[in-house]
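**Student:** Sharing a model prediction with you, sequence too.
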Protein chains: 2
Amino acid sequence: MTFNENLRAIINQKKSCLSIGLDVDMELIPGFLLDFEAPILEFNKSIINATSDVAAAYKMNLSFYEAYSVQGWRSLKKTLELIPDSVMKIADGKRGDVAHSAKKYRDAFFKELSFDAVTLNPYLGYDSVAPFLEDESKGAFIVCLTSNESATEFQFFSDGKTLLFERIAEKAAEWNINDNCGLVVGATKANHLKRIREIAPNLPILIPGVGAQGGDLKASVENARDSRGGGFLINSSRAILYHSDDFEFAQKSRTAAWKLRDEINQYL
Amino acid sequence: MTFNENLRAIINQKKSCLSIGLDVDMELIPGFLLDFEAPILEFNKSIINATSDVAAAYKMNLSFYEAYSVQGWRSLKKTLELIPDSVMKIADGKRGDVAHSAKKYRDAFFKELSFDAVTLNPYLGYDSVAPFLEDESKGAFIVCLTSNESATEFQFFSDGKTLLFERIAEKAAEWNINDNCGLVVGATKANHLKRIREIAPNLPILIPGVGAQGGDLKASVENARDSRGGGFLINSSRAILYHSDDFEFAQKSRTAAWKLRDEINQYL
């Protein structure tokens, strides 16, 4: 089964396009967890127990783990072991390097760690992406258009007809030979999602930026859905994770996750 | 002292533009090191002892450490502790993410780890780079033009007047407000280095791709040097690191390092 088929099957089975961003900030988790030896891991364990039935994917932005160095990397590894197979595990590292380094990153995420997919920065071109696409059961979401203010600086660079992010979407569609390539498009650029969906009708789109970053959920869903009414993940991190400082924190995250899942489905 | 001033001072003092890439592959190091608990760390210790007087910088491509997961990250941290202040420590991770993630990466490399500089992928624009440039004593080399075959796919995207990599060089020159911004330009694109040097006359240029990747050393040096006759680092990894499987391996790396340092100076 290819990564894209598997992702679609999970989304259909759970009726959920929700990705939960396990971007854990030690300063935002409930204070009582700081007494544990590995607070991030304890936090993740509770969140995973409370939300693995509603989440189609967990996305870990690797910066949040690398910020805690060796301990962070250990928490990352152990967190992955807690996630059931019914949820996709996405390493959001936006890596991009020449082929021999790309192969090392691939081994890091797909062999040493048990991620199902990665996010990749396409600036170095196809040979930096190819190692991640060899195994059809593993996926790669290509960073196409991002949610930050400076995104337009290079992503909107134009040859007179095509903007750079459109060219990248075209290329990613070409790279999807093994049905395991996707795109990352920030929710704050929902108006451009429509165009990207035209360029790449069959690619799953990972959409961060809803919630704290101010993206428009309704427009994102309407523009991202494909001809089969799905084919995308809406990722939310802070708006799901941090609701209270007490022992009920994970239960409140569960409530927030189901609410967002239902809201997405309402716009489908 | 700014990062760029400090780098120039080290280069001048040592009369060396050599960066050694500590990209350590467990399959290529002498077999007897595999009996140690941390073979990569043992290898690095020997190489650092043998070359820290001739190297202006050590560059670690992070993929080689992440490929060994928690143990790799621990070796990275301990390797940094062995490097004297007279050598710049560059984290070659080509990261690039939205600001709140970029700040986490910055903390990972500049606070949790003791790197002096990073390499960054500019695709997300200024706000993904800015956190790394706040502290003038820390540096950021912006990936401009790479040594791989697919580099032309997006880096040569043109608006009719300017190629994307040229636009990136222009922007990096603007971002150099704190005198701590540089560029990464692959040695296989030495003919384009001249143009990049014109666009960014004052930025230090980090040049990988000499040796195993087939870059032209003479052309790289001649096109990269600035008006003061320096302002660049030539990085070599495999051609320095792997010379023998015996106890003399580090001594042979030292010989190779001095040879390359002298060859660079000959073209200056």
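**Tutor:** Now that the structure is in, tell me what you want to look at. Residues are numbered from 1 along each chain as shown, chains lettered A, B, ... in the order given.

**Student:** distance between the ends of stretch A:119-138?
**Tutor:** 11 Å (CA to CA, to the nearest Å).

**Student:** what do you get for stretch A:209-225?
**Tutor:** 17 Å.

**Student:** ok, now stretch A:111-118?
**Tutor:** Terminal-residue distance, stretch A:111-118 (CA to CA): 12 Å.

**Student:** Show me the contact partners of that stretch.
**Tutor:** Stretch A:111-118 is contacted from outside by A:3, A:6, A:76-77, A:80-81, A:88-93, A:95, A:105-106, A:109-110, A:132, A:137-141, A:182, B:66-69, using CB atoms under 8 Å, 6 or more residues apart in numbering or on different chains. In short, each C-beta sits where N, CA and C put it, glycine included.

**Student:** which residues in chain A form helices?
**Tutor:** A:3-14, A:39-51, A:63-66, A:69-82, A:99-106, A:126-133, A:152-155, A:164-175, A:190-199, A:217-224, A:238-241, A:249-267 (DSSP state H).

**Student:** Ranking these by mean neighbour count, which comes first?
**Tutor:** Neighbour counts (mean count of other CB atoms under 10 Å in any protein chain shown) averaged over each of the helices of chain A peak at helix A:63-66, with a mean of 25.

**Student:** what does the average pLDDT come to for it?
**Tutor:** Throughout helix A:63-66, pLDDT has a mean value of 98.

**Student:** Equivalent analysis for stretch A:8-18, please.
**Tutor:** 98.

**Student:** likewise stretch A:188-204?
**Tutor:** 92.

**Student:** how far does it sit from the chain's center?
**Tutor:** 16 Å (CA atoms, centre = their mean, to the nearest Å).

**Student:** And stretch A:84-94, by the same measure?
**Tutor:** For stretch A:84-94, the distance to the chain centre is 7 Å (CA atoms, centre = their mean).

**Student:** Format the helices of chain A as CSV; extra columns: distance to chain B.
**Tutor:** Below are the helices of chain A laid out as CSV (distance: least, CB to the nearest CB, whole Å):
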stretch, distance to chain B
helix A:3-14, 21
helix A:39-51, 12
helix A:63-66, 4
helix A:69-82, 4
helix A:99-106, 4
helix A:126-133, 4
helix A:152-155, 3
helix A:164-175, 6
helix A:190-199, 15
helix A:217-224, 16
helix A:238-241, 9
helix A:249-267, 19
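
**Student:** Is it possible to get CSV of the ones you listed that adds distance to B:Thr255?
**Tutor:** Putting the helices of chain A into CSV (distance: least, CB to CB, whole Å) gives the following:
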stretch, distance to B:Thr255
helix A:3-14, 47
helix A:39-51, 45
helix A:63-66, 35
helix A:69-82, 34
helix A:99-106, 24
helix A:126-133, 33
helix A:152-155, 43
helix A:164-175, 43
helix A:190-199, 53
helix A:217-224, 57
helix A:238-241, 53
helix A:249-267, 58
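
**Student:** between those, which gets nearest to B:Ala38?
**Tutor:** Across the helices of chain A, B:Ala38 has its closest neighbour in helix A:69-82 (12.1 Å, CB to CB).

**Student:** Give me the contact list for that closest one.
**Tutor:** Counting by CB under 8 Å, 6+ apart, residues outside helix A:69-82 touching it are A:22, A:38, A:40-41, A:44-45, A:48, A:60, A:62, A:64-66, A:68, A:89, A:113-115, B:69-70, B:73-74, B:77, B:108, B:112-113.

**Student:** what bridges to the residue nearest the centre of chain A?
**Tutor:** Centroid-nearest residue in chain A, with CA atoms, centre = their mean: A:Lys59, separated by 4.5 Å. Note on A:Lys59: beta-bridge partners A:Gly21, A:Ile90, judged by DSSP bridges.

**Student:** In this structure it contacts A:Leu18, no?
**Tutor:** No: if you go by CB atoms under 8 Å, A:Lys59 and A:Leu18 don't touch, sitting 10.5 Å apart.

**Student:** Mutual contacts of the two, please.
**Tutor:** What both A:Lys59 and A:Leu18 touch, as defined by CB under 8 Å, 6+ apart, is the set A:Leu233.

**Student:** Tell me where chain A is predicted with low confidence.
**Tutor:** The model of chain A has pLDDT under 70 over residues A:212-214.

**Student:** residue with max distance from the center of it?
**Tutor:** Most peripheral residue of chain A (CA atoms, centre = their mean): A:Gly160, 31.2 Å.

**Student:** And A:Pro84, its phi and psi?
**Tutor:** A:Pro84 adopts backbone torsions of phi -70, psi 160, taken as degrees, to the nearest 10.

**Student:** Distance check, it against chain B.
**Tutor:** Going from A:Pro84 to chain B by CB to the nearest CB, to the nearest Å gives 21 Å.

**Student:** so what's that residue closest to, chain neighbours aside?
**Tutor:** A:Ser52 (5.4 Å; CB to CB, 6 or more residues apart in numbering or on different chains).

**Student:** Tell me, how many residues neighbour the one you found?
**Tutor:** 18 (other CB atoms under 10 Å in any protein chain shown).

**Student:** just checking, it touches A:Asp85?
**Tutor:** No: using CB under 8 Å, A:Ser52 is not in contact with A:Asp85, being 10.2 Å away.

**Student:** What about A:Phe36, how many residues nearby?
**Tutor:** If we define neighbours as other CB under 10 Å, then A:Phe36 has 12 of them.

**Student:** Verify the contact between it and A:Ser46 for me.
**Tutor:** No: using CB under 8 Å, A:Phe36 is not in contact with A:Ser46, being 10.8 Å away.

**Student:** what's around A:His243, how many residues?
**Tutor:** Neighbours around A:His243, by other CB under 10 Å: 17.

**Student:** which residue packs closest to A:Ala256, ignoring adjacent ones?
**Tutor:** A:Ile240 (5.0 Å).

**Student:** how about that neighbour, what does it touch?
**Tutor:** A:Ile20, A:Gly21, A:Thr51, A:Gly211, A:Ser253, A:Ala256, A:Ala257, A:Leu260.

**Student:** Which two among those residues are spaced furthest apart?
**Tutor:** Applying CB to CB across the contacts of A:Ile240, the maximum distance is between A:Thr51 and A:Gly211, 15.2 Å.

**Student:** what distance separates the start and the end of stretch A:77-91?
**Tutor:** 11 Å.

**Student:** ah, wrong one, I meant stretch A:166-183
**Tutor:** Terminal-residue distance, stretch A:166-183 (CA to CA): 11 Å.

**Student:** Other residues contacting that stretch?
**Tutor:** For stretch A:166-183, using CB under 8 Å, 6+ apart, the contacting residues are A:2-5, A:117, A:122, A:126, A:129-130, A:133-142, A:144, A:159, A:162, A:195-196, A:199-200, A:202-206, B:153-154, B:157.

**Student:** what about the closest residue to A:Pro201 other than its chain neighbours, neighbour count?
**Tutor:** Spatially, and ignoring its direct neighbours in sequence, A:Pro201 is nearest to A:Asp226 (6.1 Å; CB to CB, 6+ apart). Counted with other CB under 10 Å, residues neighbouring A:Asp226 total 16.

**Student:** tell me the contacts of A:Asp226?
**Tutor:** A:Asp226 neighbours (CB under 8 Å, 6+ apart): A:Arg197, A:Pro201, A:Asn202, A:Phe232.

**Student:** same check, this time on A:Asp23
**Tutor:** A:Met60, A:Asn61, A:Ser63, A:Phe64, A:Ser237, A:Arg238, A:Leu241, B:Ser101.

**Student:** Same question for A:Ala9.
**Tutor:** Here A:Ala9 is in contact with A:Met1 (criterion: CB under 8 Å, 6+ apart).

**Student:** Okay, the closest residue to A:Gln155 other than its chain neighbours and A:Val221: tell me how far apart.
**Tutor:** Nearest non-adjacent residue to A:Gln155, counting by CB to CB, 6+ apart: A:Phe165, 4.5 Å away. Distance, A:Phe165 to A:Val221, by CB to CB, to the nearest Å: 20 Å.
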